[in-house]
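Engineer: Output the structure for:
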Amino acid sequence: MKLYLLGNDILKVYKLPSKVEESLSISDTIDGNIDIQFIIEAIDGSWNLKSTDNMSIIHDNIVVPSIALSNYHYYFLNITGINKNVVLYSLPTKDLSTYNLSFDNLSKFSVGSGSTCEICYKDSFIEPIHVEFIKTSTEDGSFTWNLKTMSENSRVYVNNVSVKDITLKTGDIIFINGLKIIWMNHFLNINNPNHLVAVQNLTPYQINIDNTSYQVNSEAENSFHLYQDSDYFYHTLRITNQNQLEEVVIDAIAPSNKKEDAPFILTIGSSITMGASSLMMGYSVIYGLSTGTRSILASIPQIVMCITMIFGSLIIPRIASKYQKKKNEEYEKLRVQKYTAYILEKQNQLMEIQKKQERTLRDNNPSAEECYQMLNYFNKITNMNFWCREIVDEDFLTVRLGNGSCFSNIRIQGPEWHFTLVAILS
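Structural biologist: Numbers count the residues shown, from 1 in each chain. Next comes the predicted model:
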């Protein structure tokens with residue numbers, strides 16, 4: 001699909017990729033220095049034009065956020081800085097409904113929506129007599145054809161430039177709201193947008209090509225240039241993915257909860273002190289009972305305290321040690337389990353990046369067989385990106401000769417080593 005932006009002075013032409021996928025942005029200027037930006041997005045297999053900050057789409061006199069694009073349609077845009085709506089017209093990339101018509105028997109003919117016009121274009125935005133083609137004799141006995149618009153509202157572009165009155169030359173391309181006329185001096189080639197064109201008084205023109213002989217071009221003919229290259233060659237918009245460097249960050253494992261055990265003599269020091277105290281208290285109680293200086297009833301508090309101190313010095317530390325050891329083991333098991341799952345997730349992420357980069361390489365570098373098919377079935381191939389590479393593209397002059405192995409464009413950012421006393425002591 002081609003989009004034609006009808007500016008006051010210049011006709012802008014944008015060719016959309018034949019493969020409808022993803023989205024694209026087109027930035028340009030209109031009417032001298034007014035910036036415009038098109039956002040075109042692929043939705044359900046068709047291109048959709050979206051309103052932007054400085055451009056609103058008008059449909060049925062209301063602003064809409066987006067609109068589906070289709071061939072042979074008008075779209076009206078309200079662009080910041082322009083007082084009236086700007087017209088955008090869509091045509092197929094290849095218009096097969098074209099005809100060659102001869103006008104040798106005429107000295108004047110017209111194009112318009114009126115039934116008296118030789119080329120009647122029943123479009124609602126075409127004047128009854130939109131433009132006239134007038135044959136004019138010159139002093140040397142030859143003649144020229146002039147194009148003249150018939151009203152102020154008649155907008156006509158010749159070679160993408162808005163004109164009111166111009167002398168035509170062979171090869172000129174005339175655009176009138178979707179109607180395209182290629183001027184060939186003795187005949188013209190015309191399309192039939194949406195089957196709205198009817199012709200009268202013009203006869204079909206048959207191009208006869210003599211394949212039996214040829215005439216060598218003169219030096220003047222070889223050096224003659226009708227247009228610049230940019231006038232009739234265009235670069236198809238190319239949307240490709242490139243393998244950019246992707247960074248995968250891997251965090252360090254959570255620190256271990258394991259602590260260095262204190263020396264045995266330090267751990268039992270307090271227990272020995274408490275044990276000795278309880279033994280001395282027990283000896284004092286037994287001695288008092290044996291000598292009769294204390295009664296059993298008076299010694300009960302000392303006996304209970306002695307037993308409690310012995311239990312606290314021997315049993316409680318053992319239970320606390322086993323409990324802490326069990327908690328440390330559970331924490332270590334959970335730490336290893338969670339970090340293992342984290343590493344597997346990062347591994348899957350790396351594999352997905354590798355698969356994506358492999359697909360990108362294969363899509364951007366078709367095989368020799370695929371290139372051969374492009375050459376032999378040009379009209380059947382929808383994605384011709386292989387032939388649209390420019391010197392600014394990363395894969396310029398790159399051809400796939402076969403399959404092989406290459407490094408993924410990935411940088412793995414591992415955990416950094418930090419100075420700690422634990423690392424030195426271990």
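Engineer: Please look at S90 and L49 and confirm they touch.
Structural biologist: No. Assessed by C-beta atoms under 8 Å, S90 is found out of contact with L49, at 9.4 Å. All C-beta spots, glycine's among them, are computed from the backbone N, C-alpha and C.
Engineer: Could I get the contacting residues of K346?
Structural biologist: Applying C-beta atoms under 8 Å, 6 or more residues apart in numbering, we find K346 in contact with 248, 250.
Engineer: Just confirm it is within a helix.
Structural biologist: Yes. With DSSP: H, G, I helix; E, B strand; the rest coil as the criterion, K346 is part of a helix.
Engineer: how close does it get to R318?
Structural biologist: From K346 across to R318, the span is 43 Å (C-beta to C-beta, to the nearest Å).
Engineer: Kindly report the same for E345.
Structural biologist: Applying C-beta to C-beta to E345 and R318 gives a distance of 41 Å.
Engineer: ok, now S367?
Structural biologist: For S367 relative to R318 (C-beta to C-beta), the value is 73 Å.
Engineer: Repeat that for L245.
Structural biologist: When L245 is compared with R318 (using C-beta to C-beta), they lie 58 Å apart.
Engineer: What of E330?
Structural biologist: Counting by C-beta to C-beta, the gap from E330 to R318 is 19 Å.
Engineer: where in the stretch 151-300 of the chain is pLDDT low?
Structural biologist: Applying pLDDT under 70 to the stretch 151-300 of the chain flags the ranges 209-214, 224-241, 257-272, 275.
Engineer: And this structure, what are its domain boundaries?
Structural biologist: 2-91, 98-207+225-232 (automatic domain parsing).
Engineer: Out of those, the one nearest K326 is which?
Structural biologist: Taking C-beta to C-beta, domain 2-91 is the member of these nearest to K326, at 56.2 Å.
Engineer: quick one, phi/psi of the nearest residue to E21 once chain neighbours are set aside?
Structural biologist: Nearest non-adjacent residue to E21, counting by C-beta to C-beta, 6 or more residues apart in numbering: A42, 5.0 Å away. The phi/psi pair for A42 (degrees, to the nearest 10) reads phi -80, psi 120.
Engineer: where along the stretch 101-250 of the chain do the strands fall?
Structural biologist: Under the criterion DSSP state E, counting those that start in this stretch, the stretch 101-250 of the chain carries strands at the ranges 108-112, 119-121, 131-137, 143-149, 156-158, 161-163, 165-167, 173-176, 179-183, 187-191, 197-199, 203-204, 246-249.
Engineer: Nearest to K325, out of those?
Structural biologist: Using C-beta to C-beta, the nearest of the strands of the stretch 101-250 of the chain to K325 is strand 246-249, at 34.5 Å.
Engineer: For the closest one, name the packing helices and strands.
Structural biologist: Under the contact criterion of 3 or more C-beta pairs under 8 Å, 6 or more residues apart in numbering; DSSP states H and E, strand 246-249 touches helix 316-364, strand 410-413.
Engineer: which parts of it are buried?
Structural biologist: Neighbour counts over strand 246-249 (16 or more other C-beta atoms under 10 Å) mark E246 as buried.
Engineer: In PDB, list the C-alpha atoms belonging to it.
Structural biologist: The C-alpha coordinates for strand 246-249 follow below in PDB (Å, rounded to 0.1, in the frame of the first residue of the first chain):
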ATOM      1  CA  GLU A 246      21.500  -8.200  25.900                       C
ATOM      2  CA  GLU A 247      22.600  -8.200  29.500                       C
ATOM      3  CA  VAL A 248      21.600 -10.800  32.000                       C
ATOM      4  CA  VAL A 249      22.300 -10.000  35.700                       C
END
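Engineer: who touches it?
Structural biologist: 346, 349-350, 353, 409-413.
Engineer: The same query, at a cut-off of 10 Å, please.
Structural biologist: 346-347, 349-350, 353-354, 356-357, 408-415 (C-beta atoms under 10 Å, 6 or more residues apart in numbering).
Engineer: Need the domains of the chain in TSV (columns: distance to M274).
Structural biologist: Shown next, in TSV, are the domains of the chain (distance: least, C-beta to C-beta, whole Å):
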stretch	distance to M274
domain 2-91	77
domain 98-207+225-232	98
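Engineer: Nearest to R294, out of these?
Structural biologist: domain 2-91 (97.3 Å).
Engineer: Quick check: mean pLDDT of that closest one?
Structural biologist: The pLDDT scores in domain 2-91 average 88.
Engineer: sorry, back to before: put together TSV for the strands of the stretch 101-250 of the chain, with distance to L297 on each row.
Structural biologist: Below are the strands of the stretch 101-250 of the chain laid out as TSV (distance: least, C-beta to C-beta, whole Å):
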stretch	distance to L297
strand 108-112	131
strand 119-121	127
strand 131-137	132
strand 143-149	131
strand 156-158	123
strand 161-163	123
strand 165-167	133
strand 173-176	123
strand 179-183	124
strand 187-191	124
strand 197-199	128
strand 203-204	138
strand 246-249	74
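Engineer: what's the closest of the ones you listed to G7?
Structural biologist: From these, taking C-beta to C-beta, the stretch that ends up closest is strand 161-163, at 7.5 Å.
Engineer: Counting by contacts, list what that closest one packs against.
Structural biologist: Identification of packing neighbours for strand 161-163 by 3 or more C-beta pairs under 10 Å, 6 or more residues apart in numbering; DSSP states H and E yields strand 143-149, strand 156-158, strand 173-176.
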